[in-house]
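>>> Dropping the sequence and predicted coords here.
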Amino acid sequence: MSDMRLNQFLAKAGAAPSRRKADDVIASGVVFVNGAQVKEQGVRVNPETDEVRIGKKVFSLQEERILLSLHKPTGWTVTRDDPHAERVVYDLLPKDVRTKVHAIGRLDRETSGLLLFTNDGELTQRLTHPSFEHEKEYALVVRGSLLPKQRSLLENGVRLEDGVTAPAYLSQIRESGGCTRFHLTIHEGKKRQIRRMMKELGLKLNDLHRVRVASVELGTLPSGKWRFEDPAVFDQVV
């Protein structure tokens with residue numbers, strides 16, 4: 001195996017969720033290569049011959065990358081350890097995997113649907129960084145009708161306090177029982193973005209449910225259940 005940059009190694013080995021975060025870990029002075037402390041950027045290592053250690057833990061490249069889908073129920077928090085959270089999503093994962101993976105992005109406590117987990121820091125970076133523009137599709141239920149002006153704003157950009165959102169794509173629009181149901185596809189990841197968009201447009205959001213991230217679809221996966229994705233999915237989403 002050829003040499004690679006240390007930050008890339010740390011991301012692939014699961015020591016950091018991305019190369020940028022790995023740079024921060026390196027700069028903090030906790031990384032040792034073959035017993036020598038490393039703090040500068042740009043260092044290269046050979047995964048087969050060099051020992052990379054943080055504290056007492058030695059890291060190596062994992063032969064098997066993990067991609068796992070979870071159908072997150074409402075009321076569950078996307079965190080690993082929060083004393084104030086009644087229910088955390090990691091408790092829904094298989095015990096032998098939950099300590100190896102991290103969530104790709106977040107869903108707020110009252111949002112349900114597809115949540116991805118992986119042990120691959122580079123995959124996380126590619127799926128969450130806005131420059132890659134990977135799509136996230138949500139099913140929404142709002143009270144009342146979706147007016148033409150509101151639809152136009154969604155499709156052209158809604159002004160929020162942290163900037164104007166990128167154009168969104170609307171589909172499967174239908175009205176029933178005094179509510180409007182539709183799918184909204186975005187490729188940004190602003191905090192609580194869709195909820196803030198609905199509030200800005202004066203729409204009362206009754207339900208928010210994520211059905212797709214990039215090429216990975218929730219499908220018929222039951223609420224609270226998980227599944228391993230085919231490794232070939234990595235080639236489709238990176």
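Right, received. Where do you want to start? If you're wondering where the values come from, they're calculated on a predicted model, not measured in any experiment.
>>> Distance of the nearest residue to residue 201 once chain neighbours are set aside relative to residue 167?
Nearest non-adjacent residue to residue 201, counting by CB to CB, 6 or more residues apart in numbering: residue 150, 4.8 Å away. From N, CA and C alone the C-beta is placed, and that goes for glycine too. Distance from residue 150 to residue 167, counting by CB to CB, to the nearest Å: 14 Å.
>>> what about those two, which has more around it?
residue 150 (19 against 13; other CB atoms under 10 Å).
>>> So the more buried one, which state does it fall into?
Here residue 150 is recorded as helix under DSSP: H, G, I helix; E, B strand; the rest coil.
>>> Residue 21 too?
helix.
>>> List the contacts of it.
Going by CB atoms under 8 Å, 6 or more residues apart in numbering, residue 21 touches 11, 121.
>>> Could I get the pLDDT score of the residue nearest to residue 201?
Looking at residue 150, its pLDDT stands at 97.
>>> Residue 73 - nearest residue in space that isn't next to it in sequence?
Nearest residue to residue 73 in three dimensions, chain neighbours excluded: residue 223, at 4.7 Å (CB to CB, 6+ apart).
>>> tell me the contacts of that neighbour?
Residues counted as contacts of residue 223 (CB under 8 Å, 6+ apart) are 71, 73, 112.
>>> of the residues you listed, buried ones?
By neighbour count, with 16 or more other CB atoms under 10 Å, the contacts of residue 223 hold 71, 112 as buried.
>>> closest to residue 138 among the contacts of residue 223?
residue 112 (10.1 Å; CB to CB).
>>> was I right about that closest one contacting residue 210?
Yes. The criterion here is CB atoms under 8 Å, and residue 112 meets it with residue 210 at 7.5 Å.
>>> Check which helix or strand residue 114 maps to.
Per DSSP states H and E: residue 114 is located in strand 112-118.
>>> Off-centre distance for that strand?
With CA atoms, centre = their mean, to the nearest Å as the basis, strand 112-118 stands 7 Å off its chain's centre.
>>> so what secondary structure elements neighbour the next helix-or-strand element following that strand?
With elements assigned by DSSP H and E, the helix or strand that comes after strand 112-118 is helix 121-128. If you count contacts as 3 or more CB pairs under 8 Å, 6 or more residues apart in numbering; DSSP states H and E, helix 121-128 packs onto helix 6-12, helix 19-27, strand 102-104, helix 233-237.
>>> and of those, who's closest to residue 61?
The closest of these to residue 61 is helix 6-12. By CB to CB, the value is 5.6 Å.
>>> Return the list of helices and strands in contact with that closest one.
Applying 3+ CB pairs under 8 Å, 6+ apart, we find helix 6-12 packed against helix 19-27, strand 31-33, strand 44-45, strand 52-54, helix 121-128.
>>> Dump the ones you listed to JSON lines, plus distance to residue 178 and mean pLDDT.
JSON lines is the format used below for these (distance: least, CB to CB, whole Å; pLDDT from 0 to 100):
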{"stretch": "helix 19-27", "distance to residue 178": "46", "mean pLDDT": "91"}
{"stretch": "strand 31-33", "distance to residue 178": "58", "mean pLDDT": "95"}
{"stretch": "strand 44-45", "distance to residue 178": "61", "mean pLDDT": "93"}
{"stretch": "strand 52-54", "distance to residue 178": "55", "mean pLDDT": "94"}
{"stretch": "helix 121-128", "distance to residue 178": "36", "mean pLDDT": "80"}
